[in-house]
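Q: The following comprises the amino acid sequence and a computationally predicted model.
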Amino acid sequence: MMMARQFIEAVKKEAVYKLKEGTQGSYYYSSGARILPNRVSISREREITKVARTGRNLLHPIIGQLIGRFTKEETSPLKRYRPFFCRTQLWQIPEYPFFIGYGSIGISNNEGKINRASDTGDLVVLTTAERNWDTLRIYYFPGMIQQLNAVMQYLSESI
Amino acid sequence: MMIDFISATKHLQGEDSIFLGHLQQEASYSTGWKKYLMQGCKNLAIWHNEANSVMRIEGSFAYFVQGHNFNFDNSQFVEAGQYIGGLLETNIFDFEIDIFEFGKMIQVEDKPKNYILNHRENPKQGLIQYDNPKDKGNFRRWESPEIRLKMYDASRNILHKQGMKMKDIIQESGWNPEGNTLKIEAYYKKPHLILNGGRRIKLGDLVNPNWQKRISEDLYYQYKKLIPLGMIEQPNNKKDLSTQDLLMIALAEGATQGGKTLIEVKKMLYDRINAIPDEILSPTDKKARKRQILALIGKIHTSPQSKWDLSDKLKEALSLKEQENT
């Protein structure tokens, strides 16, 4: 069952990240909600190592990866265990080409690793108005990965 | 079936862990309780007492995930519960219910206000009636220490409490602003006493078929504690149609349509007599007039079937008729 549009709107958070000059994929927080680390690294598909074609990778093509690490000073619901990493593959949804893609945030667990069990189910959706991805708008929906279709429908109609 | 407000508690055991990172802390109390909010269409309150290892969820899942309670089925309730549990990283369906609210919408032919005003408490049933004048007859409640039974004009509630955007959303869900929609709702203050012989009820129980049947039957049972007022019957012989009779029938008819009982009509007239100074009407005169009034009221008959009785409609809405036949 799809969550109601008004609920998706109510839980939506968004932030803008800007590419640091002279880097290929180092983005810094610019404005909006502070959920992800201040600095995140976003690599495009051609730059990342080969990943297994299983699970969600079969469903949607991988377009990149987002990795970040919280500093000692930062606070976030995603900052739980050392070394405070958060990471997700970014998958493209062919039906929504306006968006870069989406991810399901995984965080460091109590052993310091990110694995399937430490996936939070938090959904991020990335979009940009620029071809070179200089500025990214990242939408964040806590616990909403199961509602991907409803969220994409909502975003495509509302932004 | 619609489960609305709930308050449910869990005593956390050693292995239970919860995650509060997605919540906003709202308040902290000297008792050790902290109040958090989970963001939704209407925020849900999450209470946590770390020292005592207790956690409580309070609010309406319907309002949380859709911003209104016009309709909300069990699958939506479960989905909302799974989402809330997902963010808290705990299974909330094993929380024990402290309070919950269960109700049903009914489409009625007349204005909901007329049905509400024409339902009264039965003194023998232990429910006390409360009216707030500012509700102007559109809301009425009956209370006992264990339960609060409510009847209200659901459409008017939406018109007065919701914004334009939400009104449109509710309309898309089937609400007809021109329609006559009445809601009968039971707010269980001590559900374990009323419904489960004193044993605690778990949140997940509420949506299973056995419990759905039990709470549906109880809502009907609670409704049947009320008295739908009957209509005044016109006498069919000349001797019962004197001018005095006609005046009393007209008075009683007006009063009952306004939700008063014949006992209250009698009391109103007695009060009026009692207010007259003894120099004008002696105590003996007053007694004589009261006897006349009693006799006139005694001749008035109300129909055994009340046009305001919602028993059949409620039974049908709660799917209790089918179950009776099978």
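A: Received, thanks.

Q: Tell me where the chain has strands.
A: Because you didn't say which chain, this covers chain A. Along chain A, the segments classed as strands by DSSP state E run A:13-19, A:26-32, A:39-44, A:62-69, A:85-91, A:99-107, A:119-127, A:135-141.

Q: You answered for a different chain; I wanted chain B.
A: Assignment of strands within chain B using DSSP E yields the ranges B:2-11, B:24-28, B:33-38, B:44-49, B:54-60, B:96-107, B:119-120, B:128-130, B:139-143, B:147-153, B:181-188, B:227-228.

Q: quick revisit: out of the strands of chain A, the one nearest chain B is which?
A: strand A:119-127 (6.0 Å; C-beta to the nearest C-beta). Where you see a C-beta, it was placed from the backbone N, CA and C, and this is true even at glycine.

Q: domains for chain B, by residue range?
A: Domain ranges of chain B: B:2-228, B:238-298, per automatic domain parsing.

Q: mind checking which of the strands of chain B is nearest B:Arg214?
A: With C-beta to C-beta as the criterion, B:Arg214 lies closest to strand B:96-107 of the strands of chain B, at 10.4 Å.

Q: Check which residues of the closest one are buried.
A: Across strand B:96-107, burial judged by 16 or more other C-beta atoms under 10 Å in any protein chain shown covers B:Glu96, B:Ile97, B:Asp98, B:Phe100, B:Glu101, B:Phe102, B:Gly103, B:Lys104, B:Met105, B:Ile106.

Q: Check stretch B:216-230 too.
A: Buried, per 16+ other C-beta under 10 Å, within stretch B:216-230: B:Ser216, B:Asp218, B:Leu219, B:Tyr220, B:Gln222, B:Tyr223, B:Lys225, B:Leu226, B:Ile227, B:Pro228, B:Leu229, B:Gly230.

Q: chain center to that stretch, what's the gap?
A: Centroid separation for stretch B:216-230 versus its chain: 11 Å, with C-alpha atoms, centre = their mean, to the nearest Å.

Q: Now do the end-to-end distance for it.
A: End-to-end distance of stretch B:216-230 (C-alpha to C-alpha, to the nearest Å): 26 Å.

Q: Residues contacting it, please?
A: Here stretch B:216-230 makes contact (C-beta atoms under 8 Å, 6 or more residues apart in numbering or on different chains) with B:1, B:102-104, B:118-122, B:125-127, B:142, B:147, B:149, B:184, B:186, B:194-195, B:256, B:259, B:261, B:302-306, B:308-311, B:314-315, B:318-320.

Q: Point out the residues in chain A that sit beside chain B.
A: Within chain A, the positions adjacent to chain B are A:1, A:3-7, A:10-11, A:76-78, A:80, A:121, A:142-143 by C-beta under 8 Å from any C-beta of the partner chain.

Q: Run a quick neighbour tally on the closest residue to B:Tyr36 other than its chain neighbours.
A: Of all residues not flanking B:Tyr36 in the chain, B:Leu23 sits nearest, at 3.7 Å (C-beta to C-beta, 6 or more residues apart in numbering or on different chains). Neighbourhood size, B:Leu23 [other C-beta atoms under 10 Å in any protein chain shown]: 22.

Q: can you tell me which residue is nearest the centre of chain A?
A: A:Val124 (3.6 Å; C-alpha atoms, centre = their mean).
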